[in-house]
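>>> quick one, what's the 3D model for this:
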Amino acid sequence: MAIRINVISTDAVLARRLSVFSRRIDKLRITTTESPLPEARVDAYVVPVDRIGTLFDGEARPATWLPVVAYGEEGGLRAAFAAGCKDYLREPWSPQELSLRIARLVESPTFCLGWGNLSLTPGSARTAAGSVSLSIQEYRILRVLLTQSGNAVPREVLYYALWGRCESASRAVDVHISSLRKKLKTIAPPSFTGCLIRSARGCGYFIPRG
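Numbering: from 1, shown residues only. Below you'll find the model as predicted:
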């Protein structure tokens, strides 16, 4: 499954360079746009440091569950990390550097749970007890829940992670949660008897922290 990178830029030359590079790498897809694409179509954002506030609604941190990498001159590094960006590309940077930094952020992140560690990649989840395959929908839901472990995640947020829009009348999230619970139970240690994904009454779902 290809890593989908959304680079925010109005530079046509940069867009062409990234497009040519992306076509040569099977597991990488770079899309350059002037505004962020919906989260359901992206694995990481790459944004100019001087536009972080305007792109993400002026929040103190980027208003997205996904990794955000900023780019710009050396002087912007402090502002990027203060805003919550996961990494910084200092000008001049190459497509190769971009791909390596993004891969480090989105491939095989490991989450520490109360009963052990879980590594998540697009298409699979792994613990010391084994691994299970995940659909893209299951992966997106689990990624949000793990990133926000300890916090209740509203169903609306999970629908947005799936499709980039809210479908409050749909039961798709609940169906995927049920499937995830069954799969994750098979790779939990024998000593673990609880439920990894718990319901938050009147809200959505959460994964207990630590």
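>>> separation between the spatially most central residue of the chain and T32?
Centroid-nearest residue in the chain, with CA atoms, centre = their mean: L66, separated by 3.5 Å. Here the criterion is CB to CB, to the nearest Å. By it, L66 lies 17 Å from T32. In this view, the C-beta of every residue, glycine as well, is placed from N, C-alpha and C.
>>> before we move on, what about P189?
44 Å.
>>> could you do R143 as well?
Distance from R143 to T32, by CB to CB: 23 Å.
>>> which strands and helices lie in contact with the worst-scoring helix or strand of the chain on mean pLDDT?
The least trusted helix or strand in the chain, going by mean pLDDT, DSSP states H and E, turns out to be helix 52-55, with a mean of 73. In terms of contacts (3 or more CB pairs under 8 Å, 6 or more residues apart in numbering; DSSP states H and E), helix 52-55 is not packed against any helix or strand.
>>> next secondary structure after it?
Remark: after helix 52-55, the chain's next helix or strand is strand 68-72, criterion DSSP states H and E.
>>> need the residues that contact the longest helix belonging to the chain.
Using DSSP state H to assign secondary structure, the helix with the most residues in the chain is helix 172-186. The contact list for helix 172-186 (CB atoms under 8 Å, 6 or more residues apart in numbering) reads 125, 130, 132, 134-135, 137-138, 141-142, 155, 158-159, 162, 195-197, 204-205.
>>> list the buried residues for that helix?
Buried residues in helix 172-186, counting neighbours by 16 or more other CB atoms under 10 Å, are found at V173, H176, I177, L180, K183, L184.
>>> need the next SSE after that helix, C-terminal direction.
Later in the chain than helix 172-186, the nearest helix or strand by DSSP H and E is strand 198-200.
>>> direction included, what does that following strand pair against?
Paired neighbours of strand 198-200 in the sheet (DSSP bridges): strand 204-206 (antiparallel).
>>> who's in contact with the strand it pairs with?
With CB under 8 Å, 6+ apart as the test, strand 204-206 has contacts from 145, 148-158, 173, 177, 197-200.
>>> re the thing from before, in helices, which of the contacts of helix 172-186 fall?
Q137, E138, I141, L142, R155, L158, Y159, L162.
>>> L89: which of those is nearest?
Closest approach between these and L89, by CB to CB: L142, at 28.1 Å.
>>> surely that closest one meets L120?
Yes: with contact defined as CB atoms under 8 Å, L142 counts as touching L120 (6.4 Å).
>>> between those two, which one's more packed in?
L142 (24 against 20; other CB atoms under 10 Å).
>>> not counting its neighbours along the chain, what's nearest the more buried one?
L180 (5.9 Å; CB to CB, 6 or more residues apart in numbering).
>>> and if you look at R17?
P95 (6.2 Å).
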